[in-house]
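**Q** what's the 3D shape of this:
(2 chains)
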Amino acid sequence: MHRYIIRRVLLMIPTLFGVAVLIFLLMRVVPGDIVALRYTADGGSVSAETLAAERARLGLDKSIPAQFVDWMGGLLRGDLGQSMWTGRPISYEIAIRFQVSLQVAIMATLFAILLSIPLGTLAALKQDTWVDYAIRIFSIAGLATPSFWLGIIMILGLLIVFQWLPPMATVSFFRDPWANLSQLIWPALAVGYRYSAVATRMTRATVLEVLREDYVRTARAKGLWERVIVVRHAMRNALLPVVTIIGLEFAFLIGGLVVTEQVFNLNGIGRLMVESIIRRDYTMTQALVLLTATVFIVVNFAVDLLYAWLDPRIRYR
Amino acid sequence: MAVAADAGVAVGEERGRALGVLRAVLRFCRTKPLGAAGGVLILLMVVAAILAPWIAPYDPLETDYAAMLAAPSADHWLGTDAFGRDVLSRIIYGARTALLVGFGASVIGTTVGSVVGVASTYFGGKIDLLVQRLMDILLSFPIIVLAMAVVAVLGTGATNVILAIAIPMIPRAARVIRSSALAIREMPYVDAARALGFGPTRIIFRHMLPNVVAPFLILLTAFLGQAILLEASLSFLGLGVAEPTPAWGLMLKGAAVEFAERAPWMGIFPGLAISAAVFGFNLLGDSLRDVLDPRLRLQ
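**A** Sure, this is the predicted structure:
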């Protein structure tokens, strides 16, 4: 087990390095750099020397390999560098936004778990009845509804019913929990619907599978209560793949909330990513992509370990 | 399958095959009513896209400053947008964009992914390992982030958006196809083909790829809905299809908050179109998966 963990951790390094190389190269082939965008986009005339000086200040005059080495050197020292757009440290820019994205992701996950596990189990227990059909249609509709459109509809409803518009700034949970929750619950629900749909379908499928296992038949033959069979025998085994799905979706939500953050005016990681790409803020985009990839890979790994811990039959070597 | 294609198909056989397809479709409709309902939704969308110039009441690009943000009425069934363009006509024409990008992206993504998956299993060893690592790298990007980065490189517009959506699909398709291809590689006919002295290209394209058609079709339908959703998201962010092309995501872009109070129809109807389209593809894809291979489960 220890050897397995060490090997997996070591395997993360080449993958993350590959991500770094890929996003670095992608950003360099994007037409137009930040200096051109900033000084000449509005049609103003700026002397060539000013542009060159600005490029030199940002380190854009160096060769591409040299820029990559600079970036990697900084990363090894734990320094993400400065945003080319704001000039502030990237770690600071990310820190002030990470909280919002993380909170929405956690709330959406809780919502998805609370909704999907009971619904999925119910659909499986009542397979091919109207309950099952209703839950299935509800979840397929969840997969089909774009979360940003659901967000727009929510805003429309809130506006018409409560005269409420998403505020421009986010209140910290620790300063005013009520205001914070009443603001973030909507994006969490908008994202959580699709998320719960994915998990509901998974729960239904695995519970159906487990209910056909021999040990469930044995439990029935012993005359156990149906409730005990479902909760203790079926669900405990059926929920393993659901854990995986929930973990992976959670990992994608960090940084993947791009569109929802845009709709609800949330200043989160996803929105920062859109802005950075549009502004050609190389250093910021690179850091953000590397961050989301790291979260994804680490959560993936954590889910695998959790799997082994939950199911003693699984042993990694 | 490959042999039949080699020998050439006689006319009578062709008619027999067409009847067989028709019979299969009818059986599918009978046993999978939900899937058939999805198929009907898609058919409606295809018809709307093809007949757009005849059924759309207005030119989707025609601006009418006398009727800006007009509420739904007999003239404009679904109202007009900020430029006085007819929302219904733009939704009908938007089906063209959605289908073009959806089919384009998922066909390219699934095809390239399948070829990569089959080729990497065929060669095996170091090549397989290297390809797998490369796919791991691509898989660690959230789909929308990778698509956004590709659009930033290529620029906006329908063709570029197709590529931007196809690229994140390649590793996902390759991974699924690889697991099917692993078993095929061990089949005696692959050994036989090799013994006959056929090169890798011929074995991969003529002997292995035709045998992953079932997972290929399942992936294709699963990706179609996703591609339409992604196109809408990218267009909504301003990183997709560019104005004034009628596209559903783009129509929602202007509708978000600014016009919420004055023109809610702008925000409601294009979203309904997206949901209906994706719903249709998901229903069809689900049932198709049950019919083609009950063991293959994709979420």
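
**Q** So for residue B:249, what's the pLDDT?
**A** For residue B:249, the pLDDT comes out at 85.

**Q** before we move on, what SS does it have?
**A** Under the three-state scheme (DSSP: H, G, I helix; E, B strand; the rest coil), residue B:249 adopts helix.

**Q** count of residues packed around it?
**A** 32 (other CB atoms under 10 Å in any protein chain shown). Every residue, glycine included, has its C-beta placed from N, CA and C.

**Q** give the contact list for it.
**A** Residue B:249 is in contact with A:146, B:231-236, B:240-241, B:270, B:274, counting by CB atoms under 8 Å, 6 or more residues apart in numbering or on different chains.

**Q** nearest to residue B:57, of the residues you listed?
**A** residue B:270 (16.4 Å; CB to CB).

**Q** Quick one: name the residues of the stretch 201-317 of chain A near chain B.
**A** By CB under 8 Å from any CB of the partner chain, the residues of the stretch 201-317 of chain A that approach chain B are A:201-202, A:205, A:245, A:252, A:255-256, A:258-259, A:262-263, A:265, A:273-274, A:277-278, A:285, A:289, A:292-293, A:296-297.

**Q** Now intersect those with the helices, please.
**A** If you go by DSSP state H, these have A:201-202, A:205, A:245, A:252, A:255-256, A:258-259, A:262-263, A:273-274, A:277-278, A:285, A:289, A:292-293, A:296-297 in helices.

**Q** Chain B versus residue A:35, what's the distance?
**A** Distance of residue A:35 to chain B, computed by CB to the nearest CB, to the nearest Å: 16 Å.

**Q** Kindly report the same for residue A:49.
**A** 28 Å.

**Q** Next one, pLDDT for that residue please.
**A** 75.

**Q** Which helix or strand contains it?
**A** helix A:48-58 (DSSP states H and E).

**Q** next one: the helix or strand just after that helix to chain centre, how far?
**A** The helix or strand immediately downstream of helix A:48-58 is helix A:64-76, counting by DSSP H and E. The chain centre lies 27 Å from the centre of helix A:64-76; the measure is CA atoms, centre = their mean, to the nearest Å.

**Q** Quick test: name the residue nearest the centre of the chain.
**A** All of this is about chain A. The centre of chain A sits closest to residue A:253, judged by CA atoms, centre = their mean, with a distance of 1.6 Å.

**Q** that's the other chain; I wanted chain B
**A** residue B:224 (2.5 Å).

**Q** can you tell me the helix or strand for that residue?
**A** Using DSSP H and E, residue B:224 sits within helix B:213-237.

**Q** still on that earlier bit, narrow the ones in helices among the residues of the stretch 201-317 of chain A next to chain B to those that are buried.
**A** A:201-202, A:205, A:245, A:252, A:255-256, A:258-259, A:262-263, A:273-274, A:277, A:285, A:289, A:292-293, A:296-297 (16 or more other CB atoms under 10 Å in any protein chain shown).

**Q** Thought residue B:109 was touching the residue nearest to the centre of chain B, still the case?
**A** No - taking contacts as CB atoms under 8 Å, residue B:224 lies outside contact range of residue B:109: 10.3 Å.

**Q** how about the helix or strand bottoming out on mean pLDDT in chain A: buried residues?
**A** Here the helix or strand of chain A ranked lowest by mean pLDDT, DSSP states H and E is helix A:34-40, holding a mean of 71. By 16+ other CB under 10 Å, the buried positions in helix A:34-40 come out as A:34-35, A:38.

**Q** same question, stretch B:58-71
**A** B:58, B:60, B:67, B:70.

**Q** ditto for stretch A:199-219
**A** Quick answer for stretch A:199-219 (16+ other CB under 10 Å): A:199-208, A:210-211, A:216, A:219.

**Q** repeat for stretch B:25-32
**A** B:28, B:32.

**Q** Next to chain A in this structure, residues from the stretch 1-150 of chain B, please.
**A** B:133-134, B:136-138, B:140-145, B:148-150.

**Q** Now render those residues as JSON lines, adding neighbour count.
**A** Below are those laid out as JSON lines (neighbours: other CB atoms under 10 Å in any protein chain shown):
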{"residue": "B:133", "neighbour count": "13"}
{"residue": "B:134", "neighbour count": "18"}
{"residue": "B:136", "neighbour count": "19"}
{"residue": "B:137", "neighbour count": "21"}
{"residue": "B:138", "neighbour count": "18"}
{"residue": "B:140", "neighbour count": "25"}
{"residue": "B:141", "neighbour count": "25"}
{"residue": "B:142", "neighbour count": "25"}
{"residue": "B:143", "neighbour count": "19"}
{"residue": "B:144", "neighbour count": "26"}
{"residue": "B:145", "neighbour count": "24"}
{"residue": "B:148", "neighbour count": "26"}
{"residue": "B:149", "neighbour count": "24"}
{"residue": "B:150", "neighbour count": "21"}
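
**Q** Filter these down to just the ones in strands.
**A** In strands, judged by DSSP state E, none of those are found.

**Q** Using JSON lines, please lay out those together with pLDDT.
**A** Formatted as JSON lines, these follow (pLDDT from 0 to 100):
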{"residue": "B:133", "pLDDT": "89"}
{"residue": "B:134", "pLDDT": "90"}
{"residue": "B:136", "pLDDT": "87"}
{"residue": "B:137", "pLDDT": "89"}
{"residue": "B:138", "pLDDT": "90"}
{"residue": "B:140", "pLDDT": "86"}
{"residue": "B:141", "pLDDT": "84"}
{"residue": "B:142", "pLDDT": "82"}
{"residue": "B:143", "pLDDT": "86"}
{"residue": "B:144", "pLDDT": "86"}
{"residue": "B:145", "pLDDT": "85"}
{"residue": "B:148", "pLDDT": "87"}
{"residue": "B:149", "pLDDT": "86"}
{"residue": "B:150", "pLDDT": "88"}
